[in-house]
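Participant: The amino acid sequence is not available; the structure is as follows:
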DNA sequence: AATTAAATATGATGGGCATCATGTTTGCGG
DNA sequence: CCGCAAACATGATGCCCATCATATTTAATT
């Protein structure tokens, strides 16, 4: 972990209003007193499958992906977190070693919050706990929906869904075919063919490596099971 | 909901030690004071997608499945809960309508706990909340693992995994090919062929509609990605 | 006990998509 | 600015598995 001495202010933090951790000014003040800032370069690993969680990470700026590596070298992206996202909470609260790797997708600043102090916050601020539980339960929904989609939808439908999701949550971000594939549960080649088709249909436009959505409704109807 | 006047005792309840809700004698006493017992016949629906959650359900005895129905009439089983399991918490804590149906797979007794009182318990007993969060985080892990398995493993591997899981968690339960398929993310025919093969390989034995595992290690190696 | 629906069991067929292969383009580091 | 690795792009191939079909057995219902 690469902690810096300087502590960024929580008051001017972009994530203040969106993070499930910073639910009230009260809690925000305490979090500020216990957090430590860490900085990661693009591609750097934040934690790794098998390690013991000692705290959790809140994304101040940048982008983090959680991914699992299967036996045959294939990687699957479980979650992607931008500003306000919380990384490493699942294993921490499940009280088990990390089951996935957390990787900085670009230069990223995180707030590290040691577990003992964090648990203390939750014990003293039940409304913060319930607020955070809401966020976890939404993640659970996403995961279960992803499994169902994997069966019910065709690969191209999942790709349409993926680029809509990625666009909505991380606008103006560039994605490689591989990254989209690992998120959508398919291969780069299949993503490729789907994107070509979408472009041919006038749904998207590819400016270099950036995807521009021309017909949002059209893409949605491609993604949706009627 | 079919609530009865009679209130079953929490002190003699089988689920007392296994349920994530009944974490301490203290909490157990409060839960007892606010719960209501409900009974459902096999096949009966407990709640339905789209409805507003008003509380949650703890399984006292019986078996409950959570399933989603996709557009084309296909059903997928998200979770199966036996004694001690908690049903309906995800939507309640996410503060959104139910996204799945809860169905009693056999005659089932539940403890219904209204949300207002439940939140009160959690506010006053932070350790109960954190205990419950652990359980949620494990469910999240299961869901994410299920998605990964859906891609990495072949159908027969998932079937092997499924019958091991179902056996471990709900021993001596009878399962139809369809139920196994909806859990394993495949079709009854594919389950069929996998089971036939397993029997041919001497891994299992089918006594009527009950599956007997003869070679546990062998099945495990079928299920596992080396 | 008779009737009917549901579950079991297997075979045949076809399509979706992963895999491999190959050429081109992009973009980064020296 | 150049070279090389990574990403893009598209074609060819094969196979896993969903789907459909059909016969048999089991279980439930009257």
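Facilitator: In hand now; what should we look at? Source: prediction; values computed, not measured.
Participant: From here on, just use CA atoms for contacts and neighbour counts.
Facilitator: OK.
Participant: Could you list the low-pLDDT ranges of chain A?
Facilitator: Along chain A, the parts satisfying pLDDT under 70 run over A:1-6, A:225-226.
Participant: What residue in it comes nearest to DNA strand C?
Facilitator: residue A:154 (3.4 Å; CA to the nearest atom of the strand).
Participant: Quick check: that residue vs residue B:83, distance?
Facilitator: 37 Å (CA to CA, to the nearest Å).
Participant: Neighbour count for the two, which is higher?
Facilitator: residue B:83 (22 against 14; other CA atoms under 10 Å in any protein chain shown).
Participant: Quick check: the more buried one touching residue B:14?
Facilitator: Yes. Between residue B:83 and residue B:14 there is a contact at 7.2 Å, judged by CA atoms under 8 Å.
Participant: So for these two, which residues contact both of them?
Facilitator: The contact sets of residue B:83 and residue B:14 overlap at B:60, B:61 (CA atoms under 8 Å, 6 or more residues apart in numbering or on different chains).
Participant: care to break chain A down by domain?
Facilitator: Domains of chain A are assigned by automatic domain parsing as A:2-149, A:153-224.
Participant: Just put these in CSV and tack on distance to DNA strand D.
Facilitator: Shown next, in CSV, are the domains of chain A (distance: least, CA to the nearest atom of the strand, whole Å):
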stretch, distance to DNA strand D
domain A:2-149, 11
domain A:153-224, 4
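Participant: Deepest in the core, which of those is it.
Facilitator: domain A:2-149 (a mean of 19; mean count of other CA atoms under 10 Å in any protein chain shown).
Participant: wait, does it contact chain B?
Facilitator: Yes. Domain A:2-149 is in contact with chain B by CA under 8 Å from any CA of the partner chain, via A:70-71, A:76, A:78, A:90-91, A:93-95, A:122-124, A:126-127, A:129-130, A:133-141, A:143-144, A:146-148.
Participant: how far out from the middle of the chain is stretch A:40-57?
Facilitator: 14 Å (CA atoms, centre = their mean, to the nearest Å).
Participant: How about stretch A:201-208?
Facilitator: With CA atoms, centre = their mean, you get 25 Å for stretch A:201-208.
Participant: That stretch near DNA strand C anywhere?
Facilitator: Yes. Shown here: stretch A:201-208 in contact with DNA strand C (CA under 7 Å from any atom of the strand) through residue A:208.
Participant: in chain A, which spans are helices?
Facilitator: Ranges of helices in chain A, per DSSP state H, are A:25-34, A:89-94, A:115-124, A:126-152, A:155-169, A:177-184, A:188-200, A:216-223.
Participant: need those in TSV with distance to residue B:183, can you?
Facilitator: Listed next are these as TSV, based on distance: least, CA to CA, whole Å:
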stretch	distance to residue B:183
helix A:25-34	41
helix A:89-94	23
helix A:115-124	35
helix A:126-152	11
helix A:155-169	21
helix A:177-184	21
helix A:188-200	27
helix A:216-223	24
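Participant: right, so of those helices, which gets closest to residue B:103?
Facilitator: Evaluated over the helices of chain A, closeness to residue B:103 peaks at helix A:126-152, with 17.4 Å, by CA to CA.
Participant: what's the spacing between residue A:83 and residue B:186?
Facilitator: According to CA to CA, residue A:83 stands 37 Å off from residue B:186.
Participant: Make sure residue A:96 is actually in contact with residue A:52.
Facilitator: Yes. Residue A:96 lies in contact with residue A:52 (CA under 8 Å); the separation is 7.1 Å.
Participant: And residue A:155, how close does it get to chain B?
Facilitator: Note on residue A:155: its distance to chain B, by CA to the nearest CA, to the nearest Å, is 12 Å.
Participant: Nearest residue to that residue in space, please, no chain neighbours.
Facilitator: Counting by CA to CA, 6 or more residues apart in numbering or on different chains, residue A:186 is the residue found nearest to residue A:155 once chain neighbours are left out, at 6.6 Å.
Participant: Could I get the phi/psi values of that neighbour?
Facilitator: phi -150, psi -160 (degrees, to the nearest 10).
Participant: Need the distance between the two termini of stretch A:106-124.
Facilitator: Taking CA to CA, stretch A:106-124 runs 35 Å from one end to the other.
Participant: repeat for stretch A:208-224
Facilitator: Taking CA to CA, the first and last residues of stretch A:208-224 lie 27 Å apart.
Participant: need the residues of chain A near DNA strand C, please.
Facilitator: Within reach of DNA strand C by CA under 7 Å from any atom of the strand, chain A has these residues: A:153, A:154, A:155, A:156, A:185, A:186, A:187, A:189, A:190, A:208, A:209.
Participant: Any idea how far stretch A:118-138 is from the middle of the chain?
Facilitator: Put simply, stretch A:118-138 sits 19 Å off its chain's centre (CA atoms, centre = their mean).
Participant: Contacts for that stretch, please.
Facilitator: Stretch A:118-138 is contacted by residues A:20-24, A:27, A:30-31, A:55, B:90-91, B:93-95, B:122-124, B:126-127, B:129, B:133, B:136-137 when judged by CA under 8 Å, 6+ apart.
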